[in-house]
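Asker: Give me a model of this one.
(one chain, ligands or ions: 2)
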Amino acid sequence: MVRNFWSYFCRGRRKKFYSLLLLFLVLLNAMFYVSFLLYTTIQKRNKKAWHERLQFDQDSYVDNSGMRVVVGHYVGGNSGGNLSDDTINSNNYAPISGAGEGGRPVQLSPREVITARELYPLHSYNILVSDRISINRSLPDMRSESCRNVQYDIENLPTATVIIVFHNEAWSTLMRTLMSVLLRSPEVLLKQIILVDDASERKYLGKELENAIVNLGKVQILRSANRTGLVGARLMGARAATGNVLVFLDAHCEVTQGWLEPLLDRAGSDDVFICPHIDLLSDDTLAYTKSIDAHWGAFSWRLHFRWLMPSKEVMLTKTENPSKPYPTPAMAGGLFAVRKSLFWRLGGYDENMTIWGAENLELSWRAWQCGARVEITPCSRVGHIFRRHSPYKYPGGVAKVLNSNLARAASVWMDEWADFFFKFNPSIAAIRDQQSVAARIELRKNLQCKSFKWYLDNVWPQHFFPADDRWFGRIRNEKGSCLGVVSGTPGLGGPAAGVGCGGDLDVERLLVYTPDGRIMADEGLCLQQGNGRAVWKSCNDSKKQIWNQKGPRLKTQDGLCLTQLISDSKDGINDPLTAKRCVNDNGQIWHFERVPWR
Ligand code: UDP
Ligand code: MN
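Answerer: Numbers count the residues shown, from 1 in each chain. Ligands and ions are numbered 1, 2, ... in the order given. Alright, predicted model coming up:
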């Protein structure tokens, strides 16, 4: 058949010519078609602003369902590896015209990427790219229409002292933070900018930095003689502040148009710690990308900070009034504004927290429990480079520093939940008694602050911690496996499978079972009836997350039974979980083994 076909075309010279012509025409047509397709897709893409097309940055912080942003998992201690002193101490800022303007990403050539990778550990972001972008670069305006329409009575807003603390920051990112504030803050509102150098060792942060700011007016540098950490450094700045409102920023931020007014407007009321909406500056390209519209801050059982989906009520008010500040259980910590008088009245910071960590939770709990609030205003947009690792040293070791800070925060503010935290974190419990927190407990008493239970019940009723009206323990299947999240990226969930049961301190295997039938794990994951297989998903109001205990069975709303499927493993470990018709099957028999949570 095939041969006959070709022999028809290829018989004789003339036939050969026509067949070639035909082939040529077909190819020509195909080429036109492909170019047309390309053209229309490019047209389609160009209708959206470039930053709306950039998805990758956001994806790395948001799960598949778009529900959750995960940051703040820290491993510290790398300060440049084998790089030479010369490399570490030189300032290579050399802006290229147009690079990164409008918040666009900067791409490097393959050869430059190699250098950039070598230098990456120095700051945990791409310093080669940062050094190419002008410290005065322009940025997109990410505010919603309704935010742009708000009129502020500038004359009557309180004034601001902006405090930027740094330790061994790159010159270009630090200066870009500073310049963005100078460029985009109304003259009358900006009283001063205080840079606090937390004992940096880099040469370019010495005289060279002083020379750079000498003519900027309003800007001053304070230097800490010893490495104290962000708390000590911020306190140093706060003590020198002359403005009405303290505005704290990390040293790798870029503020956008109209950022200051909404912060000062809200901070003026004297009962609130107000945070901007934090956008993403890519650690690789420095592109300014919108972060998910609605997020609020909270924390995991291990007290790691997490971004979560706000409550239903918050989402509702956000839709009704997109420019209104909304409450959040906790703040990320680096970027916020507060009236100076309130900051000091509530006890500043816990001065004995060193280097980094837990101060954001301590401050958030203190604010809420002692009569103030923590809020986010969607109208103030500030970009921040979220780093995957801490680039600087933790004197005494990362674990010791972090654990001490956490121990302090938990023992002062968490009441019964401190016992929960220490019970399941024995290495932190071991250093609990080394902390002298008497002064902070005294402060809590003097301010007549409310309990942690009040905080959970009123500020974060959607929390996933155990409580006295919630069952806590291990849920074991008759066949041997237990319910539990297969560990992976914190908070990301995924298909549910049987896991090994572990002991009473194996917090990964322990679950909260709420009176309304939700099975909750750490990180705010709930067991959900999926299409076929059961999955671990962010807890929400879905009926698919309700499992009613009927005798030894766990039943869905439509009467199906939670079933541990069994393959070769016999005990069900690693085998899928699903909701099936209830039958006489041991895979549907569940034992609730209570474990005291404190
Ligand atoms: N910082 C400091 N001293 C320290 C650790 C951090 O001054 O010992 C500064 C750091 O330069 C940054 C801010 O505190 O400006 C917050 O630290 P980082 O950005 O590392 O925290 P993250 O934003 O990653 O939580
Ligand atoms: Mn930071």
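Asker: Can you confirm whether the strand ranked longest in the chain lies near ligand 2?
Answerer: Across the chain, the strand with the greatest residue count (assigned by DSSP state E) is strand 373-385. No. Using CB under 5 Å from the ion, strand 373-385 stays clear of ligand 2, coming no nearer than 5.8 Å. Backbone N, C-alpha and C define where each C-beta goes, glycine included.
Asker: Buried residues of that strand, list them for me.
Answerer: By neighbour count with 16 or more other CB atoms under 10 Å, strand 373-385 contains the buried residues 373-385.
Asker: and which of the residues you listed is nearest ligand 1?
Answerer: Nearest to ligand 1, judged by CB to the nearest ligand atom, of the buried residues of strand 373-385 is residue 384 at 6.6 Å.
Asker: Enumerate every residue touching the closest one.
Answerer: By CB atoms under 8 Å, 6 or more residues apart in numbering, the contact list for residue 384 reads 250, 252, 253, 278, 279, 280, 281, 334, 335.
Asker: pLDDT wise, what is it at?
Answerer: If you check residue 384, the pLDDT there is 97.
Asker: Okay, and the beta partners of it?
Answerer: residue 253, residue 280 (DSSP bridges).
Asker: same question, residue 288
Answerer: Judged by DSSP bridges, the bridge partners of residue 288 are residue 281.
Asker: Pretty sure it sits against residue 137.
Answerer: No. Using CB atoms under 8 Å, residue 288 is not in contact with residue 137; the gap is 9.2 Å.
Asker: joint contacts of these two?
Answerer: With CB under 8 Å, 6+ apart as the test, residue 288 and residue 137 both reach 103, 254.
Asker: quick one, which of the two is more surrounded?
Answerer: The neighbour count for residue 288 versus residue 137, taken as other CB atoms under 10 Å, is higher for residue 288 (26 against 21).
Asker: burial measure for residue 249, as a count.
Answerer: Around residue 249 there are 25 other residues, counting by other CB under 10 Å.
Asker: burial of residue 202, as a residue count?
Answerer: Counted with other CB under 10 Å, residues neighbouring residue 202 total 20.
Asker: Can you tell me which residues in the stretch 251-400 of the chain are near ligand 1?
Answerer: Neighbours of ligand 1 within the stretch 251-400 of the chain, by CB under 6 Å from any ligand atom: 251, 334, 355, 356, 387, 390, 392.
Asker: ok, the second one - contacts?
Answerer: I take that to be residue 334. Shown in contact with residue 334 (CB under 8 Å, 6+ apart): 248, 249, 250, 253, 360, 384.
Asker: Let's verify it: helix, strand, or coil?
Answerer: Following DSSP: H, G, I helix; E, B strand; the rest coil, the label given to residue 334 is coil.
Asker: all strands of the stretch 251-400 of the chain, in order?
Answerer: Counting by DSSP state E, counting those that start in this stretch, one finds strands in the stretch 251-400 of the chain at the ranges 253-255, 272-281, 288-289, 296-299, 305-308, 326-327, 336-339, 373-385.
Asker: Please tell me how far residue 128 sits from residue 86.
Answerer: Distance from residue 128 to residue 86, counting by CB to CB, to the nearest Å: 16 Å.
Asker: more crowded one of the two?
Answerer: Taking other CB under 10 Å, residue 128 and residue 86 do not tie; residue 128 has more neighbours (17 against 8).
Asker: Distance check, the more buried one against residue 430.
Answerer: From residue 128 to residue 430 the distance is 43 Å (CB to CB).
Asker: As TSV, the residues of the stretch 251-400 of the chain next to ligand 1 with pLDDT would be great.
Answerer: Converted to TSV, these look like this (pLDDT from 0 to 100):
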residue	pLDDT
251	98
334	95
355	96
356	95
387	92
390	92
392	93
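Asker: give the contact list for residue 272.
Answerer: Counting by CB under 8 Å, 6+ apart, residue 272 makes contact with 266, 325, 338, 342, 367, 372, 373, 374, 375.
Asker: If we use 7 Å, what do you get?
Answerer: Residue 272 is in contact with 266, 372, 373, 375, counting by CB atoms under 7 Å, 6 or more residues apart in numbering.
Asker: Show me which pair in those residues is furthest apart.
Answerer: Distance extremes for the contacts of residue 272: the farthest pair is 266 and 372 at 12.0 Å, using CB to CB.
Asker: which one of these two has more residues nearby?
Answerer: residue 266 (25 against 22).
Asker: The residue lying closest to that one once chain neighbours are set aside pairs with what?
Answerer: Leaving aside its sequence neighbours, residue 266 sits nearest to residue 274 (CB to CB, 6 or more residues apart in numbering; 4.4 Å). With DSSP bridges as the criterion, residue 274 is bridged to residue 337, residue 375.
Asker: I'd like the distance from residue 274 to residue 295, if you could.
Answerer: As defined by CB to CB, residue 274 lies at a distance of 15 Å from residue 295.
Asker: For residue 538, find the nearest of the strands of the stretch 251-400 of the chain.
Answerer: strand 305-308 (7.5 Å).
Asker: circling back: run a quick neighbour tally on the residue nearest to residue 266.
Answerer: Neighbour tally, residue 274, other CB under 10 Å: 26.
Asker: from memory it sits against residue 335, does it?
Answerer: No. Counting by CB atoms under 7 Å, residue 274 stays clear of residue 335, with 10.1 Å between them.
Asker: In the protein, what residue lies closest to ligand 2?
Answerer: Nearest to ligand 2 in the chain, going by CB to the ion, is residue 250, at a distance of 3.6 Å.
Asker: residues from the protein in reach of ligand 1?
Answerer: Taking CB under 6 Å from any ligand atom as the contact definition, the chain meets ligand 1 at 165-167, 169, 198, 227, 229-230, 233, 250-251, 334, 355-356, 387, 390, 392.
Asker: The same query, at a cut-off of 5 Å, please.
Answerer: Proximity of the chain to ligand 1 is confined to 165, 166, 167, 198, 229, 230, 233, 250, 251, 334, 355, 356 under the rule CB under 5 Å from any ligand atom.
Asker: ok now do the closest residue to the second one other than its chain neighbours, which residues does it touch?
Answerer: This means residue 166. Spatial nearest neighbour of residue 166, chain neighbours left out: residue 251 (3.7 Å); criterion: CB to CB, 6+ apart. The contact partners of residue 251, by CB under 7 Å, 6+ apart, come to 164, 165, 166, 169, 173, 174, 177.
Asker: what are the phi and psi values for residue 251?
Answerer: With angles defined as degrees, to the nearest 10, residue 251 sits at phi -90, psi 10.
Asker: low-confidence ranges in the chain?
Answerer: Confidence mapping of the chain against pLDDT under 70 gives the ranges 1-11, 39-81, 488.
Asker: how far is the longest helix along the chain from where the chain is centred?
Answerer: For the chain, the longest helix by residue count, based on DSSP state H, is helix 13-46. Taking CA atoms, centre = their mean, to the nearest Å, the mean C-alpha location of helix 13-46 is offset from the chain mean by 49 Å.
Asker: and it, which residues are buried?
Answerer: Buried, per 16+ other CB under 10 Å, within helix 13-46: nothing.
Asker: Helix, strand or coil: sort out residue 527 for me.
Answerer: strand.
Asker: wait, doesn't it sit right on residue 533?
Answerer: No. With contact defined as CB under 7 Å, residue 527 and residue 533 do not form a contacting pair (11.3 Å).
Asker: Start from the N-terminal end of the stretch 51-200 of the chain and give the helices.
Answerer: Secondary structure of the stretch 51-200 of the chain (DSSP state H, counting those that start in this stretch): helices at 56-59, 85-89, 110-123, 127-130, 145-148, 171-184.
Asker: which one is residue 366 nearest to, not counting chain neighbours?
Answerer: Closest residue to residue 366 apart from its sequence neighbours, by CB to CB, 6+ apart: residue 346 at 5.9 Å.
Asker: which residues sit in contact with the one you found?
Answerer: By CB under 7 Å, 6+ apart, the contact set of residue 346 is 366, 367, 370, 372, 447.
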